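[1] Got a sequence here, can you build the structure:
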Amino acid sequence: MPGKKRDRRREQGGGAEDAPTARQLLHWATGDRDAEAEALAEAAGDEVSEEDAELAVKRAHGDLGSEEPAPEGDVATPADAEHVHEERRG
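    Numbers count the residues shown, from 1 in each chain. From the prediction side, this is the model:
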């Protein structure tokens, strides 16, 4: 399970909206990244596409090259997906 990084994010002002959903954590734990990205896209809101969520999940798992920004935790959050959406949009 995600550990201190997730707890630290909450202490720094992140609320429940920044926390992964139970469904996303289940898929994270089983390694089903496609389902994890789908759950993240649903949690992040209408503007975030599944492609945005997939990229956020890949970053959180460390699947992208070193030129990509390091994630704050080992599970992508809705805020991470929204950040990817903004990057891709502009």
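[2] need the contact list for Leu40.
    20-21, 24, 48, 53, 56-57, 76-78, 81 (Cβ atoms under 8 Å, 6 or more residues apart in numbering). C-betas here are computed from N, CA, C, even on glycine.
[3] Glu54 now?
    Applying Cβ under 8 Å, 6+ apart, the residues near Glu54 are 33-34, 37.
[4] Look up how far Arg88 lies from it.
    11 Å (Cβ to Cβ, to the nearest Å).
[5] and if you look at Arg23?
    Arg23 is 24 Å from Arg88, where distance means Cβ to Cβ.
[6] Check Val48 too.
    According to Cβ to Cβ, Val48 stands 10 Å off from Arg88.
[7] Give me the more crowded residue out of those two.
    For Val48 and Arg88, the more surrounded residue by other Cβ atoms under 10 Å is Val48, and the numbers stand at 22 against 11.
[8] For Arg89, the count of nearby residues, please.
    Neighbours around Arg89, by other Cβ under 10 Å: 8.
[9] what's near enough to touch the residue minimising distance to the centre of the chain?
    In the chain, the residue lying closest to the centroid (Cα atoms, centre = their mean) is Ala76, at 1.7 Å. Residues in contact with Ala76 (Cβ under 8 Å, 6+ apart) are 20, 24, 36, 40, 53, 56-57, 59-60.
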